[in-house]
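Colleague: okay, here's the prediction I keep looking at, along with the sequence it came from:
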Amino acid sequence: MIPPKGLWRRIIITMLIVIVPLSLGMIFTYDVIKLNWRSTMEIQPSFRAQEGPRLALAAEAVRFDGSSLPKDGELPPNPVPADPVSLARGQQLYASHCALCHGPDGKGNGPISQSFKADARKPANLTEPRLAQQSDGALYVTISQGFGQMPALGENVDVRSRWDLVNYVRGFSKK
């Protein structure tokens, strides 16, 4: 059966009416939709020509300082002597990490603690005698793992710096 003369013409015109606007719409909305076609070349590190291997650790590498937390409930001994260098480093670290809650003098009256709710547990007073009874290892574990609302500093502060903090905080209970 041969189709009538005008049928092919109507089919072609109908296809043009449908396909041309769809094609134009896809072309103009491509920048808006931004389909991301990933290839394996995009998700690998890039190197310049003739670039040698990295000799130092990359900045984004996970830091490893050795064992930082005790095993099986043991409390680690303090390997860092409380010399002036350690105390100075501890003071700087305390000012940047601890003083906001515990206060500059360690009495638990830092600026952030003023905004706690009335029924919330306040930061510890580091000048209390019970702190003098704590071992250095117990303070180190508390600083590393956090306690209550206190955040853990184990990921943000390296092992040596945490011991410097212990040495500095130990000075509050001696005053």
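Modeller: That came through fine.

Colleague: and stretch 131-148, what's buried?
Modeller: Neighbour counts over stretch 131-148 (16 or more other C-beta atoms under 10 Å) mark Leu131, Gln134, Asp136, Leu139, Tyr140, Val141, Thr142, Ile143, Ser144 as buried. C-beta: built from backbone N, CA, C; applies to glycine.

Colleague: check stretch 167-174 too.
Modeller: Quick answer for stretch 167-174 (16+ other C-beta under 10 Å): Asn167, Tyr168, Val169, Arg170, Gly171, Phe172, Ser173.

Colleague: please apply the same query to stretch 117-128.
Modeller: Those would be Pro123, Ala124, Asn125, Leu126, Thr127, for stretch 117-128 by 16+ other C-beta under 10 Å.

Colleague: now flag whichever of those is closest to Thr14.
Modeller: Pro123 (75.4 Å; C-beta to C-beta).

Colleague: okay if I get the buried residues of stretch 167-174 as JSON lines plus pLDDT, secondary structure and distance to Ser115?
Modeller: Formatted as JSON lines, these follow (pLDDT from 0 to 100; DSSP: H, G, I helix; E, B strand; the rest coil; distance: C-beta to C-beta, whole Å):
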{"residue": "Asn167", "pLDDT": "93", "secondary structure": "helix", "distance to Ser115": "30"}
{"residue": "Tyr168", "pLDDT": "94", "secondary structure": "helix", "distance to Ser115": "25"}
{"residue": "Val169", "pLDDT": "92", "secondary structure": "helix", "distance to Ser115": "23"}
{"residue": "Arg170", "pLDDT": "89", "secondary structure": "helix", "distance to Ser115": "28"}
{"residue": "Gly171", "pLDDT": "88", "secondary structure": "helix", "distance to Ser115": "27"}
{"residue": "Phe172", "pLDDT": "85", "secondary structure": "helix", "distance to Ser115": "23"}
{"residue": "Ser173", "pLDDT": "78", "secondary structure": "helix", "distance to Ser115": "26"}
